[in-house]
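Student: predicted coordinates and the sequence they were generated for:
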Amino acid sequence: MAPFVRARRSPSWSKLHRCNAADVSLANLIKDEFERNGVHGQGTIVERALADGKLLVLFDGLDEVTQNNQTRVVNMIKDFVTKWDNCQYVTTCRIAVYTGQLSPQFSSTVSIAEFDDAGIRRLLANWPALDAAEADRFFAGLAESPQLMRLAGSPLLLTMMVYLHAEVFAKTGRTLPSSRPAFYEVAVEHLRRRDRELARDDALSDYEGADKRAVLQRVAQPARTRRDPANQRNRRPEPVADRA
């Protein structure tokens, strides 16, 4: 494993779910990402940067690789970091999927902790649409609802709460629901409508909203049972495998 060198590295973000297509290589994922961000002639540039150890490569979402492709993609990652071993790599994956399969190439595993009260307050204080007084009122509202406060420990769910409060409800005079089922109901309905309301028709899938809702309802209860703190007292957050 290459020692960590405090040199300037260019970040590269690759979405591993694209590897579900059998003809995709990790090198092409990186090259395509540079191309999407306006770096042309990227083939030569990327290969030179990989050889010189000038990239910090994020392989995002190993859990989004389908089960029948997991072994192939894991081997692709391990072979890639072995070949280009002067760069720094980070691979993200949910804890339910990651069982150390990237070892020994990735020797460090870091779990992302859930927010405590201080973390929640920091996010609220830095939200552009909230002033200090509104951030305090929002936190007080969370504190009055144990169900929502428990959800707010998840950075993703807290972000959704604040977005709905500041960008959606504030415009119509509504307030954030005080129960977990009601919050999920509102969040799902908003996400279902958002792309159409923003005229992002190219982002819409071929499936009707009612079909998506039926699927979500089918999987929600088993997922809730597995993840509820009362049924899983020793939960661990998702891991990040790091190779410096």
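Tutor: Received it, and whenever you're ready, just let me know what you need. Numbers count the residues shown, from 1 in each chain.
Student: alpha carbons only for contacts and neighbour counts from here, please
Tutor: Will do.
Student: report the secondary structure state of residue 99.
Tutor: Counting by DSSP: H, G, I helix; E, B strand; the rest coil, the backbone at residue 99 sits in coil.
Student: phi and psi next, for it.
Tutor: In this entry, residue 99 is assigned phi and psi values of phi -130, psi 30 (degrees, to the nearest 10).
Student: how many neighbours does it have?
Tutor: Around residue 99 sit 11 other residues, with neighbours defined as other C-alpha atoms under 10 Å.
Student: same question for residue 191.
Tutor: Residues near residue 191, counting by other C-alpha under 10 Å, number 11.
Student: ok, the nearest residue to residue 77 once chain neighbours are set aside - contacts?
Tutor: Here the nearest residue to residue 77 in space, its sequence neighbours aside, is residue 26; by C-alpha to C-alpha, 6 or more residues apart in numbering that works out to 7.5 Å. Applying C-alpha atoms under 8 Å, 6 or more residues apart in numbering, we find residue 26 in contact with 14, 19, 76, 77, 80.
Student: now the last one: which helix or strand?
Tutor: So that's residue 80. Secondary structure from DSSP states H and E places residue 80 in helix 67-83.
Student: give the buried residues for that helix.
Tutor: Buried residues in helix 67-83, counted by 16 or more other C-alpha atoms under 10 Å: 70, 73, 74, 77, 78, 81.
Student: tell me the contacts of the second one?
Tutor: When the contact criterion is C-alpha under 8 Å, 6+ apart, the partners of residue 73 are 19, 65.
Student: i'd like the first residue to be 57 from this point on
Tutor: New numbering, starting at 57: the last item is residue 129.
Student: where along the protein do the strands fall?
Tutor: Counting by DSSP state E, the chain has these strands, from start to end: 66-71, 111-116, 144-148, 164-167, 295-299.
Student: can you list these in TSV and add distance to residue 214?
Tutor: Rendered in TSV, the data for the strands of the chain read as follows (distance: least, C-alpha to C-alpha, whole Å):
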stretch	distance to residue 214
strand 66-71	23
strand 111-116	21
strand 144-148	20
strand 164-167	18
strand 295-299	19
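Student: need the least confident one among those strands, by mean pLDDT.
Tutor: Comparing mean pLDDT across the strands of the chain, the lowest value falls on strand 295-299: a mean of 63.
Student: pLDDT score for the residue of the chain positioned farthest from its centre?
Tutor: No residue in the chain has its C-alpha farther from the mean C-alpha position than residue 229, which lies at 30.3 Å (C-alpha atoms, centre = their mean). With respect to pLDDT, residue 229 scores 78.
Student: any idea how far it lies from residue 223?
Tutor: 11 Å (C-alpha to C-alpha, to the nearest Å).
Student: which residues does stretch 212-223 contact?
Tutor: When contacts are taken as C-alpha under 8 Å, 6+ apart, the neighbours of stretch 212-223 outside the stretch itself are 176, 180, 185, 186, 207, 208, 231, 232, 243.
Student: just the pLDDT for the fifth one.
Tutor: Among the per-residue scores, residue 207 holds a pLDDT of 90.
Student: so the chain: which segments form each domain?
Tutor: Here the domain parsing of the chain from automatic domain parsing is 66-162, 173-260.
Student: dump these to JSON lines, plus distance to residue 270.
Tutor: JSON lines is the format used below for the domains of the chain (distance: least, C-alpha to C-alpha, whole Å):
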{"stretch": "domain 66-162", "distance to residue 270": "21"}
{"stretch": "domain 173-260", "distance to residue 270": "12"}
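Student: so residue 86 touches residue 71, yeah?
Tutor: No - under the criterion of C-alpha atoms under 8 Å, residue 86 makes no contact with residue 71, lying 9.3 Å away.
Student: these two: which is more packed in?
Tutor: The neighbour comparison of residue 86 against residue 71 (other C-alpha under 10 Å) goes to residue 86, with 21 against 18.
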